[in-house]
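**Student:** no letters, just coordinates:
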Ligand SMILES: [Fe+2]
Ligand SMILES: [Fe+2]
């Protein structure tokens, strides 16, 4: 995508909600740059102005670097074009620092306003605004991954619940189970066992597919033999393929 050329607006604009991206760290940095720019007008001390100018330029460069890092992290497809716009901004900052040595304090204040409240305002409004949906999509995706991991932990937790339930005595007043024939488990016990095993096997497959644990670690966690885990995983793979 090629960004529309940013036409320099002769008007200077204060920071306002029209240029909020909704990304807290980016909005804080943008807002800070406008605050720094606003501090120039009316300062009558040349040393202080030059110091403020150096701080503003450094902070702007930090912002550009962090914004580019964020876009790189999310795999933003228009990063190259965005970087190019930042190259232009860095050149304008360098030019201002050079020119400032022979400008009056009022002229410096005017140039800072033109750069931040003009060029930079338009950049946020027209160029930064374009990455907002991509950042939001990335953050939603990360959130869903975290929720998935939480659910997997809950499933493991439910297995512990099964183990705890087995260790607990039956509730007083609960109907007595018909005693099984010698050498034969009751049908209820068989059904419970099958459920527990199915749930445990699913959890084993899920944990292994997360890539966070080895088969040996999973075997130790579930208190089963390594070969049992291997058999369950093979069975799970066959079921996935079928
Ligand atoms: Fe920005
Ligand atoms: Fe930007």
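**Tutor:** It's in. The structure presented is a predicted model; accordingly, all values stated were derived computationally and were not measured. Ligands and ions are numbered 1, 2, ... in the order given.

**Student:** stretch 16-30 and ligand 2, are they touching?
**Tutor:** No. Judged by Cβ under 5 Å from the ion, stretch 16-30 and ligand 2 are separated, with a smallest distance of 8.6 Å. Yep, even glycine has a C-beta here, placed from its N, CA and C like the rest.

**Student:** can you give me the helices for the protein?
**Tutor:** Ranges of helices in the chain, per DSSP state H, are 24-38, 46-73, 79-99, 105-113, 121-123, 129-167, 187-209, 215-222, 226-241.

**Student:** taking helix 24-38 as reference, get the angle to the fourth one.
**Tutor:** Read that as helix 105-113. Using axes from the mean of the first three to the mean of the last three Cα atoms, to 10 degrees, the interaxial angle of helix 105-113 with respect to helix 24-38 works out to 160 degrees.

**Student:** buried residues in helix 105-113?
**Tutor:** Buried residues in helix 105-113, counted by 16 or more other Cβ atoms under 10 Å: 105, 108-109, 111-113.

**Student:** and which of those is nearest ligand 1?
**Tutor:** Sorting those by distance to ligand 1 puts residue 112 at the head of the list, at 16.9 Å, by Cβ to the ion.

**Student:** which ones are touching that closest one?
**Tutor:** Residue 112 is in contact with 37, 40, 53, 56, 96, counting by Cβ atoms under 8 Å, 6 or more residues apart in numbering.

**Student:** quick check, pLDDT for the third one.
**Tutor:** It refers to residue 53. According to the predicted model, the pLDDT of residue 53 comes to 95.

**Student:** how about it: what's its closest non-neighbour residue?
**Tutor:** Setting aside the residues directly before and after it, residue 53 is nearest to residue 100 in space (Cβ to Cβ, 6 or more residues apart in numbering), at 5.7 Å.

**Student:** sorry, back to before: kindly identify which of the buried residues of helix 105-113 also come near ligand 2.
**Tutor:** The subset of the buried residues of helix 105-113 within reach of ligand 2, counting by Cβ under 5 Å from the ion, is empty.

**Student:** distance to residue 24 and pLDDT for those residues - can I get that in a markdown table?
**Tutor:** Written out in a markdown table, the entries for the buried residues of helix 105-113 read as follows (distance: Cβ to Cβ, whole Å; pLDDT from 0 to 100):
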| residue | distance to residue 24 | pLDDT |
| --- | --- | --- |
| 105 | 34 | 92 |
| 108 | 31 | 94 |
| 109 | 29 | 93 |
| 111 | 30 | 96 |
| 112 | 25 | 96 |
| 113 | 26 | 94 |
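
**Student:** what is the nearest of those residues to ligand 2?
**Tutor:** Taking Cβ to the ion as the measure, ligand 2 lies nearest residue 112 of these, at 18.2 Å.

**Student:** ok, that closest one to residue 41 distance?
**Tutor:** 9 Å (Cβ to Cβ, to the nearest Å).

**Student:** now do residue 216
**Tutor:** 68 Å.

**Student:** that older thread, which of the contacts of residue 112 has the weakest pLDDT?
**Tutor:** The minimum pLDDT among those falls on residue 40, with 88.

**Student:** pretty sure it contacts residue 106?
**Tutor:** No. Distance between residue 40 and residue 106: 9.4 Å, which falls outside the contact criterion (Cβ atoms under 8 Å).

**Student:** which residues are contacting stretch 60-71?
**Tutor:** Contacting residues not belonging to stretch 60-71 are listed as 23, 25-26, 29-30, 33, 79, 82-83, 86, 89-90, 93, 120, 128, 131, 134-135 [Cβ under 8 Å, 6+ apart].
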